[in-house]
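Peer 1: 3D, please:
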Amino acid sequence: MTEKVSITIGNPPSDGDGGDDIVVTGGKSIAGWENVDITLRCDGFPNGFSLSSSATVKQGGEGTPGNPGDLCWVSIGDDRVVTGYLDERVESFDVDSHSLMLSGRGKTQDLVDCSAEYETAQMIDLDALAISEKIAEPYGVRVNLADGAAPGPKVPQWTLEYSETGAAIVQRVAQNAGLVAYESAEGELMLANVGETQSASGIKAGPGGNVERGSVSVSMHQRFSEIVCCRYRAAVYGDIPGSDFFHTEKDPNVRRHRRLNIILESVGGEELAEDFTKRRARWEATRRMGQSIVVEVTVDSWRDKDGELWLPNRLVPVDVPGCKVSPLLIASARFRRDKSGTHADLVLMPKEAFAIEPISLLNVAASDVKGPTEQ
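Peer 2: As a prediction, this is how the structure comes out:
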């Protein structure tokens, strides 16, 4: 069964059936699209869409709907998938036909495109949720914590850099809290743990499976047998106390000797610096392992066996040739419909590929700094 895909511009969707043509109802809900391309991601934002049809536009006195900049949302059946703004409208026509293409992105696009705004350019003792809320507020974007997620530690001081985008700030503070930041179907910015939910069914190749085609990439690129993280004091005059610290993490699946040395900036007190150095080394080894396996498949449906859409940041069982790891995390989901039919393109990776890089937003405390003549 072909699912109805509709875009609503400014008003709730109409209950009417779009049929085979683009139908503009009183509520400006448009359905009957021949070509659908919707992309959702779990690590980054915004989501995006492109809808087009060569069917005749039934204007019904309303005129061609939608102007770039209009608020809109896209639904697959009864499930909303993107809420944002119309970026572009393209009309093509000749003596016999009139086609329409609408494309846009989610509401978080403004955090990606625009510079961050905050009245004092400085924030004191706020966690990732509070900072993200203040950054998102001028652009009308709500911020929510996903179930099970915590806002993380408070950042003693945050100073905005002139021209920095809101997205860059959000990604860093989310990272500091051990969270991924992505966009919800309602156009909200979500801060979430990685892989907290699982789809009702999985990805299976071969007879009785749902995979139309796919590929499995297993790589040794940028993997190392040992990763050594070093914390240097980088204090020529001895004005920051402490000593150099080294920590090594090994990847047992790299069979020949390959060593990577990483120098970290000083991050404050001795105990904090040592713990941070260990976490950074573990992250380097873990994420490189996770990113070495990428499964890309095209499946024959937009939904799992329980009727739920394939959504990013969900774990799914995977049974395909060449992949020995299961379950995997949906990194991105692309819903397509064109002349070849209805398809979902999924990119799947081990959960470890999205391990959050430990970063430090703490400056060296003034109390830790001594003058060159002080003992």
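Peer 1: counting contacts, what elements does the helix or strand residue 104 falls within pack onto?
Peer 2: Using DSSP states H and E, residue 104 sits in strand 98-106. Contact analysis of strand 98-106 by 3 or more C-beta pairs under 8 Å, 6 or more residues apart in numbering; DSSP states H and E lists strand 48-53, strand 79-93 as its packing neighbours. Heads up, the C-betas are built off the backbone N, CA and C, glycines and all.
Peer 1: helix or strand right after that strand?
Peer 2: Where DSSP H and E defines the elements, the next helix or strand beyond strand 98-106 is helix 109-113.
Peer 1: residue 313 against residue 199, yeah?
Peer 2: No. In this structure residue 313 lies outside contact range of residue 199 using C-beta atoms under 8 Å: 10.7 Å.
Peer 1: these two touch, right, residue 205 and residue 318?
Peer 2: No. Assessed by C-beta under 8 Å, residue 205 is found out of contact with residue 318, at 9.2 Å.
Peer 1: what do residue 313 and residue 199 both touch?
Peer 2: Residues touching both residue 313 and residue 199 by C-beta atoms under 8 Å, 6 or more residues apart in numbering: residue 330.
Peer 1: what's residue 73 in contact with, if anything?
Peer 2: Listed by C-beta under 8 Å, 6+ apart, the contact set of residue 73 reads 7, 8, 80, 82, 83, 84, 187.
Peer 1: what's the closest of those to residue 339?
Peer 2: residue 7 (20.3 Å; C-beta to C-beta).
Peer 1: so which helix or strand takes in that closest one?
Peer 2: Assigned by DSSP H and E, residue 7 falls within strand 5-9.
Peer 1: strands paired with that strand, and their directions?
Peer 2: Looking at strand 5-9 with DSSP bridges, its partner strands are strand 29-30 (antiparallel), strand 71-76 (antiparallel).
Peer 1: just to revisit the earlier point, who's more crowded, residue 313 and residue 199?
Peer 2: When neighbours are counted by other C-beta atoms under 10 Å, residue 313 comes out ahead of the other of residue 313 and residue 199, with 24 against 20.
Peer 1: skipping its backbone neighbours, what lies nearest that one in space?
Peer 2: Distance criterion C-beta to C-beta, 6 or more residues apart in numbering; nearest residue to residue 313, sequence neighbours excluded, is residue 42 at 3.8 Å.
Peer 1: again with residue 117
Peer 2: Nearest non-adjacent residue to residue 117, counting by C-beta to C-beta, 6+ apart: residue 138, 4.6 Å away.
Peer 1: dihedrals phi and psi, residue 216?
Peer 2: phi -130, psi 120 (degrees, to the nearest 10).
Peer 1: need the per-residue pLDDT for the nearest residue in space to residue 278 that is not next to it in sequence.
Peer 2: Leaving aside its chain neighbours, residue 278 sits nearest to residue 247 (4.8 Å; criterion: C-beta to C-beta, 6+ apart). Note for residue 247: predicted pLDDT of 92.
Peer 1: can you confirm residue 247 is in a strand?
Peer 2: Yes. Looking at residue 247 with DSSP: H, G, I helix; E, B strand; the rest coil, it is inside a strand.
Peer 1: flag the shaky bits of this protein, pLDDT-wise.
Peer 2: For the chain, applying pLDDT under 70 flags the ranges 1, 11-28, 55-65, 232-243, 265-271, 359-375.
Peer 1: that one: helices as residue ranges?
Peer 2: For the chain, helices defined by DSSP state H occupy the ranges 109-113, 128-136, 166-176, 270-290.
Peer 1: tell me how far residue 68 lies from residue 74.
Peer 2: Look at residue 68 and residue 74: by C-beta to C-beta, to the nearest Å, they are 16 Å apart.
Peer 1: settle it for me: which of the two has more neighbours?
Peer 2: Taking other C-beta under 10 Å, residue 68 and residue 74 do not tie; residue 74 has more neighbours (28 against 12).
Peer 1: and the closest residue to residue 308 other than its chain neighbours, how far from residue 307?
Peer 2: With sequence-adjacent residues excluded and distances taken as C-beta to C-beta, 6+ apart, residue 308 is closest to residue 200, at 6.2 Å. Computed as C-beta to C-beta, the residue 200 to residue 307 distance reads 8 Å.
Peer 1: check residue 118 too.
Peer 2: To residue 307, residue 118 is 43 Å away according to C-beta to C-beta.
Peer 1: domain boundaries for this protein, per the record?
Peer 2: Annotated domains of the chain cover 5-106, 111-192, 198-219+292-341, 226-286 [automatic domain parsing].
Peer 1: please produce a markdown table containing those domains, extended by distance to residue 351.
Peer 2: Converted to a markdown table, the domains of the chain look like this (distance: least, C-beta to C-beta, whole Å):
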| stretch | distance to residue 351 |
| --- | --- |
| domain 5-106 | 11 |
| domain 111-192 | 11 |
| domain 198-219+292-341 | 5 |
| domain 226-286 | 10 |
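Peer 1: contact partners for the closest residue to residue 320 other than its chain neighbours?
Peer 2: The shortest distance from residue 320 to any non-neighbouring residue, by C-beta to C-beta, 6+ apart, is to residue 205 (4.3 Å). Contacts for residue 205 (C-beta under 8 Å, 6+ apart) come out as 211, 214, 297, 319, 320, 321.
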